[in-house]
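A.B. asks: Got a predicted structure plus its sequence, pasted below:
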Amino acid sequence: MLRFVAYYVGANLDVALAYRAAFAAKVFAFVVSDAMWVAFWWLYFERFPSVEGYGFRQVVIVWAIAATAFGMFGGVAAGATTIATRVARGELDFYLVLPKAPLLHLVVSRMDPGGFGDALFGIVTFAALARPSLEEAAAFTVLAVLATVIITAYIVAVQSLAFWTGRAETIADQALFGLITFATYPERLFGGPVKIVLFTLVPAGFVSYVPVRLVQEWDWTLAGALSTVAVGATLASSAMFRLGLRRYQSGSALSMRG
Amino acid sequence: MTARPRLRIGAHRVRVLLAHFLVNLRDQGAYVGEVALGGGILVVFLFILGTLWEATYRAQGAETLGGLTWPQMTWYVTFTEAMVMSRVNVARRIDEDVRTGDVAYALLRPGGYLTSRLGAYLAERLVRFLFTLTLGAIVAMVIAGPIAIDPSAGAAALLVAAGAFLLEFVIVAGIGLGAFWMEDTSSIYFVYTRVSMLLGGLLIPIELFPDSIASVARILPFAPMIHGPARLALADDASGLLPAMASLVASMSVAGALVAVTYRVALARLTVHGG
């Protein structure tokens, strides 16, 4: 499966690099965008030493994990963000006749070049500003992958709502936006019912808060729990997609694929 | 075909601008869903920023920060978010017009190309701004409660906001005109939105910036567009109106001159094939 995904990523990259200037500009734009947010936090911590126990280094780790995970999602699995539209238009037929699982094909069929900018920013920022130890760097690598898996599973689940609701683009966009936004702020800002939401409906807790805790202080039990969440979320979202597929109706549209 | 660029502002052009504005104002009803989507995003942002600033005031044990109380800070962020989230991506539309060649046909219309784009932009921006400000005010009321706003300062802030809309059109139109030379201008617009967000004082008032960064931010055109109207709305009186307008006019003069030159050079390069 990894070889299959790697082949798709390579092919998507070839397509993106056909417009090198646009690709480079988009990567650069995403790096600048992320940098502006970290610059905001730098300005903030220049004036206030900490907020709810978080200092600049902690926020840098929050941003590094989130940017790397969302970047890898964009670079490898951006096809997940197209599921609702394809379901609504009846455009899944192409994927249903392929030898590999249709969901896997769909998820890796698209790449967002901006994802490379996010991932690049996350990794460089972590290395340069957080100045991690070897253990922290190893933890960061593993946790960024787990966070990417959880993001992908979440987006697949939300996008698959289209099988039941007909259209789900708007709610899916809101869900992705909410996930990104909450995942890039310190965990301790949120409490009570909001925190429950952030570990269920909008799983920023698993994408960012738990990984940040683990990078700073490794805990095998917590790491095991996060891995279980990643596997469980993947299985649950795949099952939801397969269940939804039974309700799918083709648009019978003829199209050329180059 | 080459076209002679016209940038003179006369009574005829103002009438055409008004006509475009009114026609597009009527069309805005068709985009209620998209505006409402932005509303959901605004609510999330204001909730998070309100929480962040509440925690900051609590941690500092301060009554005021940068001259603002916590409720005022929440309303400040509400106003700056309304300025930013009501943005209209004119750059993308100009970029598309240049690539598809539609710009050539628009040039033949009364008033010229940029007049029609400005009329459409102002109509859309006004509707988005009123919507985001109203929704933001409701959220701010829930989060931090009401605050006293001096009527003259509030009116002055709206006037400066209108000037800021015009300045932003000039800057963003300049980015869109880059399509005459570049493969893709969307990345430049994206960078512009992020840099202006930070240096314009969207999330943190410029009074709280380190001195060196604050002095740079005050020179650039972003602060008069975002921080300026928001800070004026929270002032005790309208005495800040003239300095705020002076900053806008200064930025407009520089940006306007650059865009006028770009527009002339761009149209001189315009070549239309076929019909």
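C.D. replies: Arrived safely. Numbering: from 1, shown residues only, chains lettered A, B, ... in the order given.
A.B. asks: Every contact and neighbour count from this point should use C-alpha atoms.
C.D. replies: OK.
A.B. asks: tell me the pLDDT at residue A:206?
C.D. replies: On the pLDDT scale, residue A:206 is placed at 97.
A.B. asks: Contact partners for residue A:28?
C.D. replies: Applying CA atoms under 8 Å, 6 or more residues apart in numbering or on different chains to residue A:28 gives the contacts A:117, B:187.
A.B. asks: how about a cut-off of 6 Å?
C.D. replies: Listed by CA atoms under 6 Å, 6 or more residues apart in numbering or on different chains, residue A:28 has no contact partners.
A.B. asks: which phi and psi does it have?
C.D. replies: With angles defined as degrees, to the nearest 10, residue A:28 sits at phi -60, psi -40.
A.B. asks: Kindly report the same for residue B:252.
C.D. replies: According to degrees, to the nearest 10, residue B:252 has phi -60, psi -40.
A.B. asks: Nearest spatial neighbour of it, chain-adjacent residues omitted?
C.D. replies: Using CA to CA, 6 or more residues apart in numbering or on different chains and skipping the chain neighbours, the partner closest in space to residue B:252 is residue B:167 (5.6 Å).
A.B. asks: which secondary structure element contains the one you found?
C.D. replies: helix B:151-177 (DSSP states H and E).
A.B. asks: Can you list the buried residues in that helix?
C.D. replies: By neighbour count on 16 or more other CA atoms under 10 Å in any protein chain shown, the buried set for helix B:151-177 is B:152-158, B:160-177.
A.B. asks: List of residues touching stretch A:76-92?
C.D. replies: A:106-111, A:156, A:159, A:162, A:166-169, A:250-251.
A.B. asks: try 8 Å
C.D. replies: With CA under 8 Å, 6+ apart as the criterion, stretch A:76-92 contacts A:5, A:9, A:106-112, A:152, A:155-156, A:159-163, A:166-169, A:172, A:248-253.
A.B. asks: low-scoring stretches of the chain, by residue?
C.D. replies: By default, I'm working from chain A. A:251-258 (pLDDT under 70).
A.B. asks: The chain in question should be chain B.
C.D. replies: B:1-9, B:30-34, B:37-38, B:271-275.
A.B. asks: Can you tell me which residues in it are near chain A?
C.D. replies: B:37, B:40-41, B:44-45, B:48, B:51-52, B:55-56, B:59-60, B:183-184, B:187-188, B:190-191, B:194-195, B:198, B:203-204, B:208-210 (CA under 8 Å from any CA of the partner chain).
A.B. asks: Looking at those, which are in helices?
C.D. replies: B:37, B:40-41, B:44-45, B:48, B:51-52, B:55-56, B:59-60, B:187-188, B:190-191, B:194-195, B:198 (DSSP state H).
A.B. asks: Show the buried residues in those.
C.D. replies: B:41, B:44-45, B:48, B:51-52, B:55-56, B:187-188, B:190-191, B:194-195, B:198.
A.B. asks: Specify which member of those is nearest to residue B:147.
C.D. replies: For those, the minimum distance to residue B:147 (CA to CA) is 17.5 Å, reached by residue B:51.
A.B. asks: Skipping adjacent residues, who's closest to the closest one in space?
C.D. replies: residue A:189 (6.6 Å).
A.B. asks: cool, residue B:176 as well?
C.D. replies: Per CA to CA, 6+ apart, closest to residue B:176 is residue B:91, 3.8 Å.
A.B. asks: List the buried residues of the one helix or strand the one you found maps to.
C.D. replies: Per DSSP H and E, residue B:91 falls inside helix B:90-100. Neighbour counts using 16+ other CA under 10 Å place B:90-92, B:94-98 of helix B:90-100 among the buried residues.
A.B. asks: Among the contacts of stretch A:76-92, which are located in strands?
C.D. replies: Applying DSSP state E to these, no entry is found in strands.
A.B. asks: Now that we have the residues you listed, which of them are buried?
C.D. replies: Buried, going by 16+ other CA under 10 Å: A:5, A:9, A:106-112, A:152, A:155-156, A:159-163, A:167-169, A:172, A:248, out of those.
A.B. asks: so which of those also contact chain B?
C.D. replies: Within these, nothing lies near chain B by CA under 8 Å from any CA.
A.B. asks: Identify those among those that sit within helices.
C.D. replies: Using DSSP H, the buried ones among the contacts of stretch A:76-92 in helices are A:5, A:9, A:106-108, A:152, A:155-156, A:159-160, A:162-163, A:169, A:172.
A.B. asks: Can I get the residues you listed in CSV including distance to residue A:130?
C.D. replies: Shown next, in CSV, are these (distance: CA to CA, whole Å):
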residue, distance to residue A:130
A:5, 31
A:9, 29
A:106, 36
A:107, 32
A:108, 31
A:152, 26
A:155, 29
A:156, 32
A:159, 35
A:160, 37
A:162, 41
A:163, 43
A:169, 37
A:172, 33
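A.B. asks: Tell me which two of those sit farthest apart.
C.D. replies: Applying CA to CA across those, the maximum distance is between A:9 and A:163, 26.8 Å.
A.B. asks: Stretch A:198-211 near chain B at all?
C.D. replies: No: figure legend: stretch A:198-211 not in contact with chain B (CA under 8 Å from any CA); closest approach 12.1 Å.
A.B. asks: what's the span of that stretch from first residue to last?
C.D. replies: One end of stretch A:198-211 to the other measures 14 Å (CA to CA, to the nearest Å).
A.B. asks: Going by neighbour count, list what's buried in it.
C.D. replies: A:198, A:202-211.
A.B. asks: Residues contacting it, please?
C.D. replies: A:62, A:65-66, A:69, A:140, A:143-144, A:146-148, A:150-151, A:154, A:175, A:178-180, A:182-184, A:186-187, A:197, A:222, A:226, A:229.
A.B. asks: Of those, select the buried ones using a ChimeraX command.
C.D. replies: Buried residues within the contacts of stretch A:198-211, by 16+ other CA under 10 Å, are selected in ChimeraX with:
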select /A:62,65,66,69,140,143,144,146,147,148,150,151,154,175,178,179,180,182,183,184,186,187,226,229
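A.B. asks: residue of the stretch 151-258 of chain A with the smallest distance to chain B?
C.D. replies: residue A:189 (6.5 Å; CA to the nearest CA).
A.B. asks: I figured that residue was touching residue B:50, is that so?
C.D. replies: No: counting by CA atoms under 8 Å, residue B:50 is not a contact partner of residue A:189; they are 10.2 Å apart.
A.B. asks: Many thanks, have a good one.
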